[in-house]
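Peer 1: can't give you the sequence, but here's the structure:
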């Protein structure tokens, strides 16, 4: 019986390992293609790993399209969204956790109700709004709609509610204003929650596609995802160059993921509630 | 007891401003737009709205629009195949990976890597992976096909035409209307299964070990413990996970946009892609009509959520 259980465990492990390696095949193929000679990818039999490594594909993707600029744009958008999201989310979360005011419950419910509204209902009027403001094709349009995020407020409120009040109350007795209490005492204590929310928002921002696609139109204002998607036709005969671009674009999220895996997994599990 | 008893105007200002400008305002505008014929060019004023008010015409038009019907059924097909596949695979993975092995975290990471990759990267990558002649998927299928054909011939029989086709050619995937949606589903399961697995793992770790031990003492075997103990206790997670997967899949966009652009012959056109095309894609823009599509999609999602909550009462075991 013991032996049978051992055997079963071994079989499960092998299957999981095989599955895990299969999951890696597309990534492997991406890197391997990005290192092949541009004309050689359609040769049969297919080379699994190129004998000669061709790094010029990376050079080509950096020079033939404004790749560096797209990269920078993605970074600015992801960081900007993260900053905005953490700032407004933590402030509002603190307000709901530590203040008591009329209509508080109703306002909180109203905020939470927006989680039910999918983005696709918002994008058309949002685009019209951005056009009226003259913000189309600017960072404002890419970042500012992230100002309100019910999920961030919810997460931060939960965290502030769990903090002990004694420290804050002592500071109030010493004459600190609400803002000072928030900024000097509560916010530093919320660092773990901020890290979770931040990792999650950064990755969501870096990988976002639909909104940047709609609200940018010049070559220079595209983010990396949009740039690659819109200009894939330009590369379509040059798979090696496209794969070099994809490899470069996949590095930041995977790095962030590996470095902040703990926060990311928390954020993802919580973020899934957001849908 | 809370600390302050007044309205925290300063603290709520950024969120309130964002809520009014970027959420509440657009929601109401969207609802109004769905009753208007609007090309997106003229300024959107009350006068524009009054002059171009068409009542329910946009919604009536949906009933007769063949492309909308096609997109609707394609979306249903995609959700109906991709979601169960993802959920079952993720559950199996979570059960396997919920063990105190050393290095199990590394194994989990392998399944999670596609989850952090953007849909655009996934889509473009899979277009290449599914290349009928030189993509690894068909290379593998042809390899298997050849072996099977050889095996058949070793017994001196003529191999069935299906096998010969697999060995020589294999599916055309994204260029073949009959296969394109399956290609998209393959990519989306690859990209999505890690996330679902993670939620199942969280659910499994919440299960009280005492129940399992009690079942073992009563002589339950592995399968019995799974079906009579684990699955009932996990049912809230199964419901939540399925609901989230369905909501996400109904809104599939980036993957289709990059992999097929809705083609060939509209065989992978879905609701979100159609909405995007109507509102922003091809001139003249039909933002009113696109808004009507958006609200129909919203109603589907809302009904689905409601239905799941009703079913939840009946099917899910709640711990008391």
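Peer 2: Thanks, I have it. Nothing here was measured: the structure is a model prediction, and the numbers come from that model. Numbers count the residues shown, from 1 in each chain, chains lettered A, B, ... in the order given.
Peer 1: Is residue A:220 located within a helix, as I assumed?
Peer 2: Yes. According to DSSP: H, G, I helix; E, B strand; the rest coil, residue A:220 belongs to a helix.
Peer 1: What sits closest to it if chain neighbours are left out?
Peer 2: residue A:69 (5.7 Å; Cβ to Cβ, 6 or more residues apart in numbering or on different chains). (C-beta placed from N, C-alpha, C; glycine too.)
Peer 1: now residue A:207
Peer 2: Nearest to residue A:207 is residue B:118, by Cβ to Cβ, 6+ apart, at 3.6 Å.
Peer 1: Distance of that neighbour relative to residue B:15?
Peer 2: 27 Å (Cβ to Cβ, to the nearest Å).
Peer 1: likewise residue B:173?
Peer 2: In terms of Cβ to Cβ, residue B:173 sits 46 Å off from residue B:15.
Peer 1: and what of residue A:238?
Peer 2: Counting by Cβ to Cβ, the gap from residue A:238 to residue B:15 is 46 Å.
Peer 1: ok, now residue A:260?
Peer 2: For residue A:260 relative to residue B:15 (Cβ to Cβ), the value is 25 Å.
Peer 1: the more surrounded of those two?
Peer 2: Neighbour totals were compared for residue A:260 and residue B:15, and residue B:15 leads with 26 against 19 (other Cβ atoms under 10 Å in any protein chain shown).
Peer 1: ok, the more buried one - contacts?
Peer 2: A:88-89, A:91-92, A:111, A:147-148, A:153 (Cβ atoms under 8 Å, 6 or more residues apart in numbering or on different chains).
Peer 1: out of those residues, who's near chain B?
Peer 2: A:88-89, A:91-92, A:111, A:147-148, A:153 (Cβ under 8 Å from any Cβ of the partner chain).
Peer 1: Out of the residues you listed, which sit inside helices?
Peer 2: Taking DSSP state H, the ones among the ones next to chain B among the contacts of residue B:15 that sit in helices are A:88-89, A:91-92, A:111, A:153.
Peer 1: Most neighbours out of those residues, which is it?
Peer 2: residue A:92 (30 neighbours).
Peer 1: Looks like residue A:96 contacts residue A:157 (just checking).
Peer 2: Yes. Contact criterion Cβ atoms under 8 Å: residue A:96 and residue A:157 qualify, at 4.5 Å.
Peer 1: Identify the contacts common to the two.
Peer 2: With Cβ under 8 Å, 6+ apart, residue A:96 and residue A:157 have common neighbours residue A:108.
Peer 1: Looking at the two, which has the bigger crowd around it?
Peer 2: A count of neighbours by other Cβ under 10 Å puts residue A:96 above the other of residue A:96 and residue A:157, at 26 against 22.
Peer 1: which ones are touching residue A:91?
Peer 2: A:182, B:10-12, B:14-15.
Peer 1: Tell me how far it lies from residue A:115.
Peer 2: Distance from residue A:91 to residue A:115, by Cβ to Cβ: 19 Å.
Peer 1: again with residue A:247
Peer 2: 35 Å.
Peer 1: more crowded one of the two?
Peer 2: Neighbours around residue A:247 and residue A:115, counted as other Cβ under 10 Å, are more numerous at residue A:247. The numbers are 20 against 14.
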